[in-house]
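>>> could you work out the structure for the sequence below:
(one chain, ligands or ions: 1)
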Amino acid sequence: MAPVPFTPKRPSSSMPAPTPLTARRFKAMISSESKIRSTKTPLSIVPGTPMKLSPSNSSSSIQSRPRTPNTPRSKSRGPPDDDALISEMDVTRVDPEEVLVDYQTIENDPADMSAEIDEAWIRQSLIGESSHGKEDKVMVSVRVRNAEGSSAWTADPSSNTLKLDPSCSKHAANPSTSGSFTFDAIHTGTPNKPIYHISARSHVYAAMDGYNAVVFAYGQTASGKTFTLSGTNEEPGIIPRAMRDVFGYIKKTSEREYLLRCSYLEIYNETIVDLLAPPSTTGSNVVQIQGTGPTLHLSPLREEVVTSLKAVKEVLKRGEGNRRTACTDWNERSSRSHSVFRVVIESRERDQDAGRQTPGAGGRQTPGLGGRQTPGLNGRQTSGPKLQARGGRSVQSSVLSLIDLAGSEKATSDKERTREGKYINTSLLTLGTVIGTLSENAVKGKADHVPFRNSKLTRLLQPSLSGNARISVICTINPDVNAVAESTSTLLFAKRVKGVQLHAQKKEIVDTDALIERYQKEIEELKRRLAEREAEAPVRNRRLSAREQIDESKAMRDLNSRIQQLTKLILTSQNVEENAGDASRPASPVKIDFDMSPYQLQQELLNARLQLESQASQILSLEAALLDRSPLSPSATESEKDKLITEQAKTIRELEIVVKGYEDNLGEPLRQVKEDVEKEWSDKVRQEKKKKEESERWAEELVKQLEKEKKTRTKLEEERRALAAFVSKFDSLGLGGFATSIPTPARPTSALSERKVNRLPIFPPSRALPVMQEEDEMALVEAQLADTELVDASPLRGDYRGQPSLLEQAMPGEEDWSMLNEVSFEAEVDVGVSTEVGPAVMPSKGAKGEQGKSRLQNAGKENLPC
Ligand SMILES: Nc1ncnc2c1ncn2[C@@H]1O[C@H](COP(=O)(O)OP(=O)(O)OP(=O)(O)O)[C@@H](O)[C@H]1O
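This is a model prediction of the structure:
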């Protein structure tokens with residue numbers, strides 16, 4: 001089938017003056033336009049599902065785009081002869097003042113569409129009232145290309161809703177996902193104009209107004225990204241329309257003058273290639289990303305100054321000629337790389353008094369129009385000229401990036417295409433992760449690490465995605481039933497992008513020279529007035545009242561402090577300038593103002609000292625931070641740095657997991673330590689308790705035994721005393737072994753007395769021994785059972801030779817002997833002594849007591865005096 005014929009717009013010159021459009025009116029217009037187009041002229045080419053397209057199916061414009069199936073760059077990219085000049089222009093040598101464009105110098109282009117520019121909108125942006133600089137969310141639109149057969153989606157542009165046919169929900173990437181999606185805009189049909197107007201134009205204006213702006217197309221392969229961004233001759237896409245608007249905007253803005261620089265690059269298999277650099281086999285067109293975040297820049301990157309739409313078209317043509325495209329199973333001219341077309345827009349207020357010359361009057365030259373220089377090239381072109389802030393006019397600087405991403409795709413039959421596809425999918429996956437993290441951070445107010453460094457694409461987009469840009473994303477989907485999984489995954493990406501928070505800021509460079517000059521003039525004037533007043537003061541003060549004198553001195557003080565203030569401002573401006581030029585260069589030394597009073601000088605000195613101290617501590621902390629950094633030589637390559645960063649990111653992630661684990665189980669380690677300690681010590685405690693109980697039992701047992709032994713001893717003592725008494729009585733009665741003579745009661749007593757007088761033992765030692773042994777035995781038992789003290793104190797252990805024995809003590813005195821006749825032995829029965837007299841009638845009791853008694857008996861007998 002033939003491609004859709006597109007009726008080009010009427011030339012702008014023949015167009016009536018535009019009426020400012022309201023958003024609603026414009027949308028209504030677009031949707032009706034889309035409807036007409038889609039009903040009258042259905043699209044013939046819908047290569048969403050795997051199918052090979054024949055070249056005859058392609059539109060004429062696509063045929064003009066060089067086909068590079070196996071990316072043989074040198075052949076495919078050959079620019080026309082006319083373009084050779086452009087490619088050899090040394091952009092660094094262009095004088096920026098000579099290539100400025102403004103409403104007067106801008107060239108008239110037959111395709112100039114500046115008449116379409118909404119002037120009211122521009123006015124608003126110039127006085128800072130437009131919304132395009134204030135938006136803090138990404139604008140997300142979805143474009144559904146026309147279906148070849150039946151469509152799985154129902155698009156409703158009026159409610160900006162897209163619904164998946166319920167019968168197709170099983171094919172969705174995540175079947176649980178609801179089949180209805182709402183975004184900022186839903187586009188259908190072939191026309192590119194409404195898409196540009198709704199989803200990109202405000203971003204182009206924002207860039208013209210000083211904000212960074214990004215428009216990118218995202219979607220599966222063959223869904224229409226390149227068609228949306230670049231379009232065709234008949235249906236120009238966002239890039240040509242945006243550039244037309246850039247010049248249209250300049251034409252309508254008489255107050256400012258502009259310097260425009262374009263660059264075009266692609267990311268192919270994770271290598272950034274400069275599409276405007278001269279063809280190279282040495283890799284000199286490979287671009288490196290330097291710095292991070294807001295300081296990120298690309299080098300070497302050729303930036304070409306453009307002063308007309310025609311020049312832009314030439315640049316675009318050359319860049320597109322160098323892009324890598326190839327025939328895949330799904331798209332005859334599939335982009336094998338992500339491409340980025342950048343326009344750096346610098347502007348400043350026009351110097352109204354300067355009386356500028358127009359190009360026609362031999363003024364400035366425009367590189368796109370034969371004003372090029374062609375000095376010798378070294379093949380390493382860098383950035384183009386920069387606009388300087390002059391005459392007190394500040395310079396605004398912004399970048400407009402228009403990005404055509406390569407499409408996500410499945411493995412193809414071609415090995416090379418599959419390899420490229422892997423790179424494409426990986427970088428798109430990283431983009432998805434980055435967007436996901438950014439939107440989660442924004443929603444949850446977190447500051448989680450964003451893996452920008454994981455791909456060249458996300459590194460390049462870092463400054464914009466970090467928030468300092470206005471972003472519009474156009475997600476393209478193929479409505480085919482077989483593409484539902486890819487389409488839902490694209491729509492989920494679109495949903496995540498919507499969550500990213502933006503905070504774009506205008507970048508303004510101030511003309512410090514002009515400022516300083518102004519301050520200096522004012523200082524001069526103030527000093528002059530101050531000097532006059534001081535000179536007049538002696539005379540004048542005499543005429544003034546006290547009150548007026550106070551007012552006068554206050555006025556002089558005010559003049560003085562204004563001079564001080566301006567002097568400080570000059571210093572600050574100088575510092576700004578110096579720091580902007582070279583951040584590592586120290587600020588120029590502060591000049592002493594000799595008009596300052598000693599007090600003010602002291603204050604200055606104090607301030608300087610405080611500053612010095614804080615800088616010293618800053619140096620210390622920076623040194624410490626430097627020491628903490630892992631060793632990486634300054635000459636380390638990007639890949640080494642990337643590797644280190646990846647490793648560190650990995651370590652951080654691991655540590656985060658560990659920390660989270662600890663946080664989740666905070667009580668667990670403590671509980672375990674307690675259990676371990678208890679386990680280790682409970683056995684010991686039990687053993688100690690057991691020992692203690694045993695000791696107590698043993699001590700109780702000892703006490704009991706001691707008691708028992710004491711009782712036994714007392715008993716034995718009593719027995720012994722009784723026996724002694726008995727023996728004495730026995731002796732006195734003369735019943736001892738010598739029964740032949742009847743002893744008189746006095747006899748034993750006298751014998752005893754005699755022995756006492758002669759200091760003789762009562763019993764001879766040899767005879768006393770058995771008794772002693774028995775007593776010692778008892779003492780020994782006592783010592784074992786009780787304590788030695790008790791035994792030592794025992795009277796049984798006395799020196800029997802010098803001390804009266806218990807027996808002696810038990811002996812009655814002489815006067816008592818008379819009483820012995822009446823002594824009844826019956827009283828001794830309980831100690832085992834028989835009432836019957838005689839050796840053979842001893843009572844038989846316990847063996848030991850009996851033995852002792854018999855021994856005593858015998859001893860007593862033996863000791864009896866003869
Ligand atoms: N909305 C549309 N109207 C008419 N034709 C379209 C539309 N969208 C895409 N096409 C056509 O479909 C084909 C593939 O589109 P395009 O090359 O833009 O896809 P892509 O998404 O850029 O693919 P890739 O990622 O492989 O580069 C082209 O021939 C293009 O003209």
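>>> residues near Arg462, how many?
For the record, residue 462 is Gln, not Arg. Around Gln462 there are 19 other residues, counting by other CB atoms under 10 Å. The C-beta positions use only the backbone N, C-alpha and C, and glycine is treated the same way.
>>> find the nearest non-adjacent residue to it, please.
Computed as CB to CB, 6 or more residues apart in numbering, the closest residue to Gln462 that is not its neighbour in sequence is Phe452, at 4.4 Å.
>>> need the pLDDT of the one you found.
Reported pLDDT at Phe452 in the predicted model: 88.
>>> tell me where the model's unsure across the stretch 701-850 of the chain.
The stretch 701-850 of the chain contains residues with pLDDT under 70 at 735-850.
>>> check whether the residue of it found nearest the ligand sits in a helix, strand or coil.
Nearest to the ligand, among the residues of the stretch 701-850 of the chain, is Glu701, at 100.0 Å (CB to the nearest ligand atom). Under DSSP: H, G, I helix; E, B strand; the rest coil, the three-state class of Glu701 is helix.
>>> now it: how far from Ser695?
From Glu701 across to Ser695, the span is 11 Å (CB to CB, to the nearest Å).
>>> so what sits against both of these two?
Shared contacts of Glu701 and Ser695 (CB atoms under 8 Å, 6 or more residues apart in numbering): none.
>>> how many neighbours does the residue nearest to Gln462 have?
Per other CB under 10 Å, the neighbour tally for Phe452 reads 25.
>>> ditto for the one 3 residues further on
Taking other CB under 10 Å as the neighbour definition, Ser455 ends up with a count of 22.
>>> now Leu164: closest residue in space that isn't a chain neighbour?
Of all residues not flanking Leu164 in the chain, Gly179 sits nearest, at 3.4 Å (CB to CB, 6+ apart).
>>> sorry, wrong one. I was asking about Ser439.
The shortest distance from Ser439 to any non-neighbouring residue, by CB to CB, 6+ apart, is to Gly499 (2.8 Å).
>>> pretty sure the one you found sits against Thr437.
No: with contacts counted by CB atoms under 8 Å, Gly499 stays clear of Thr437, the gap being 10.3 Å.
>>> and for these two, which residues touch both?
By CB under 8 Å, 6+ apart, no residue touches both Gly499 and Thr437.
>>> the stretch 501-650 of the chain: strands as residue ranges?
In the stretch 501-650 of the chain, the segments counted as strands under DSSP state E, counting those that start in this stretch are 507-509.
>>> list the contacts for the closest residue to the ligand within the stretch 401-550 of the chain?
Using CB to the nearest ligand atom, the closest approach of the stretch 401-550 of the chain to the ligand is made by Gly407 at 2.6 Å. For Gly407, the contact set (CB under 8 Å, 6+ apart) comprises 219-223, 225, 331, 334-335, 424.
>>> how about it, phi and psi?
Geometry field for Gly407 lists phi and psi as phi -90, psi 150, criterion degrees, to the nearest 10.
>>> for Thr292, which non-adjacent residue is spatially closest?
Leaving out its chain neighbours, the residue that sits closest to Thr292 by CB to CB, 6+ apart is Gln462, at 7.1 Å.
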